[in-house]
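Chemist: I would like to see how this sequence folds:
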Amino acid sequence: MSHTIDQLCAELETLDQVDPVVGAGYRTEAQEVLANPSITLRIKTAIADLLMQANQQLVYKNVTGEDSY
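Modeler: Below is the predicted model:
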């Protein structure tokens, strides 16, 4: 994981505002945190909640060209 948990949380909060490729990297990092058995359930729950909120925000974003969401 290349970022701290706090950095990842901040990135997930702005997922709908970044380039889709950058956002995909943030989402991958979030998935790595969720899959890591050494991360506490409290942190995993916070990351999962932020990821879910980010996904919901992306639903409302207008897509153009080759964007997949």
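Chemist: where does the protein have low pLDDT?
Modeler: Along the chain, the model assigns pLDDT under 70 to residues 1-2, 62-69.
Chemist: hmm, 90 instead?
Modeler: Low-confidence regions of the chain, defined here as pLDDT under 90, cover residues 1-3, 15-17, 19-20, 54-69.
Chemist: hey, where'd the helices end up in it?
Modeler: Remark: helices assigned in the chain by DSSP state H are 5-13, 20-35, 41-59.
Chemist: make TSV from the ones you listed and add mean neighbour count to it.
Modeler: Backbone N, C-alpha and C define where each C-beta goes, glycine included. Shown next, in TSV, are the helices of the chain (neighbours: other C-beta atoms under 10 Å):
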stretch	mean neighbour count
helix 5-13	16
helix 20-35	15
helix 41-59	14
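Chemist: how about residue 34: what's its closest non-neighbour residue?
Modeler: Computed as C-beta to C-beta, 6 or more residues apart in numbering, the closest residue to residue 34 that is not its neighbour in sequence is residue 44, at 5.5 Å.
Chemist: I figured that neighbour hits residue 31, correct?
Modeler: No. Assessed by C-beta atoms under 8 Å, residue 44 is found out of contact with residue 31, at 10.9 Å.
Chemist: now residue 20: how far from residue 40?
Modeler: For residue 20, the distance to residue 40 equals 30 Å [C-beta to C-beta, to the nearest Å].
Chemist: what of residue 17?
Modeler: 28 Å.
Chemist: again with residue 60
Modeler: 31 Å.
Chemist: of these two, who's got more company?
Modeler: residue 40 (10 against 7; other C-beta atoms under 10 Å).
Chemist: and the more buried one, what is it in contact with?
Modeler: By C-beta atoms under 8 Å, 6 or more residues apart in numbering, residue 40 lies in contact with nothing.
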